[in-house]
Every structure is written in C-alpha cells, then in structure tokens.
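**Q** Model the following, please.
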Amino acid sequence: MGVLRNTTVDLSLHHQLRTMRNSIYWFTGLVFVAVVSRLIPHLDNLTALTAVSVFAGVQARNQKMLLLVPFFAMFLSDLVLNNIIYAEHTNGFLAISKSALFLYTPYLLLGLLSMWSLRKIKLTGVLGMGTVGALLFFAISNLGVWATGSMYPKSAAGLMLAYEAAIPFLRNELLGTLLYGTSLYGVYYTLRQKSVETA
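**A** Down below sits the predicted model:
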C-alpha cells in the first residue's frame, strides 16, 4: 500500500509540474506573439491581442494565471510604444496612459468570457469569440476616447461621432482576429497532433 501511495503521489506531482510547465510555455508564447504584433508595422488595431486573449482564456481553465496574458502583453508593449517608439509625444516616462482602463478591460473581459464559454480550442470558437472581443474593444475603447478626450462633444451625438469615426479600426480588429486566430489555431493543432503521435 505504501508503494502504491507513493507512486500515486509521484504521478500527481508529475502531472502538476507538467501542467505548470505548459502554462509557462503558453503564457510566454502568447505574450510574445501579442507584443510583437503591436510593435511591428501594422494597420491600426490589426494585432493578435483579440485572438491571444481567447486562447489565454480557454487555457485558463487549467491555470488562472493565463488570464493575465492580455494585461502583460498590453503593459509591456505600451512601455515600448510610449517611451521609445512614440517618446516624442510623451512628457517623460509613461508607464500607463490615462486611457489604459478602457483599452485593457475589453481584453481581460474577453479572456474571462472565453474561459466560461469555450471548453476547448476550436477554430469556430476562437473566431466567434474573437468577433465578440473585437466588438467589446470597439464599444469600450471608443467610449474611453469620447469620455477622456476632447475630440468629441460630451453628448450622445458626440459619442455616436466617436463610434462612427472608429468603424475602420473595427474592420482592422476583425481582420486581425481572423488572421492571428487562424494562425494560432494552426500552430496549436500542429503541436497537438505531434504530441498525440509521440505519446
């Protein structure tokens, strides 16, 4: 009985360590993809953030730390964008902008929605939830533009103008979801198949 109990404990510990290792791989890989997609030349809003948030949310069923992937990706890329690439537009070091709440929140919500609604990674689920995420970002981020900026009147008409002006950015967000969602799924599917073959 003692040998059986020790074997069970060893297997459980091995499983926990493997799960933690896989989570670290997922966390690092997804953050890397999202950060790079924001730093390389791209059309406005055509990044991997929406697709990455969906993948992180689904995988967060096993490791809740993955829900922080969108935050770390946004924060790290914002550090570079605000203080290196667009440094001439900021007065000194800028860690988080005043509009960060409206930019970070949609992706964090998308991660939670993906964790609750998607039981496993499927291309249809990734693209479907990614579309929801793009609409969430459109609604919340442009509310922030209207609320914290001076470009539009603080009225219902001004808010509608902000949303109307942002429609091209929504198209890019949806296109980014399609491109990066499909690409990430392709990588995931390939790695999963290889894992099955070597099991």
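
**Q** who touches the most centrally placed residue in the chain in this structure?
**A** What sits nearest the mean C-alpha location of the chain, by C-alpha atoms, centre = their mean, is S53, with 2.7 Å. Taking C-beta atoms under 8 Å, 6 or more residues apart in numbering, we find S53 in contact with V69, P70, Y107, L108, L110, G111, S114, G133. Heads up, the C-betas are built off the backbone N, CA and C, glycines and all.

**Q** Report the secondary structure state of it.
**A** At S53 the chain is in helix, as set by DSSP: H, G, I helix; E, B strand; the rest coil.

**Q** Helix, strand, or coil at the spatially closest residue to N82 that is not a sequence neighbour?
**A** Distances taken as C-beta to C-beta, 6 or more residues apart in numbering put L94 closest to N82, at 4.3 Å, once the chain neighbours are dropped. Under three-state DSSP, the three-state class of L94 is coil.

**Q** Settle this for me: L94 is touching N83, isn't it.
**A** Yes. Taking contacts as C-beta atoms under 8 Å, L94 lies within contact range of N83: 6.2 Å.

**Q** follow-up on the earlier one: please convert the contacts of S53 to CSV, extending it with distance to V58.
**A** Listed next are the contacts of S53 as CSV, based on distance: C-beta to C-beta, whole Å:
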residue, distance to V58
V69, 11
P70, 13
Y107, 14
L108, 15
L110, 11
G111, 9
S114, 5
G133, 13
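
**Q** Closest to S77 out of those residues?
**A** Nearest to S77 among the contacts of S53 is P70, at 10.8 Å by C-beta to C-beta.

**Q** residues touching the closest one, list them.
**A** A34, L49, V52, S53, A56, Y104, Y107, L108, L110, G111.

**Q** what's the closest of the residues you listed to F27?
**A** A56 (7.9 Å).

**Q** helix, strand or coil for the closest residue to that closest one other than its chain neighbours?
**A** Sequence neighbours aside, V69 is the residue nearest to A56 in space, at 3.8 Å (criterion: C-beta to C-beta, 6+ apart). With three-state DSSP as the basis, V69 sits in helix.

**Q** quick one: V69 and G111 touch, right?
**A** Yes. Counting by C-beta under 8 Å, G111 is a contact partner of V69 at 7.1 Å.

**Q** if I look at those two, which residues touch both of them?
**A** S53, A56.

**Q** just the helices in this protein please.
**A** Remark: helices assigned in the chain by DSSP state H are 2-39, 49-59, 69-80, 100-117, 123-148, 156-165, 167-198.

**Q** Need those helices in TSV (columns: mean pLDDT and distance to H89).
**A** Listed next are the helices of the chain as TSV, based on pLDDT from 0 to 100; distance: least, C-beta to C-beta, whole Å:
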stretch	mean pLDDT	distance to H89
helix 2-39	75	16
helix 49-59	94	21
helix 69-80	95	13
helix 100-117	94	16
helix 123-148	95	16
helix 156-165	96	20
helix 167-198	90	19
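
**Q** Deepest-packed of those, please.
**A** helix 49-59 (a mean of 29; mean count of other C-beta atoms under 10 Å).
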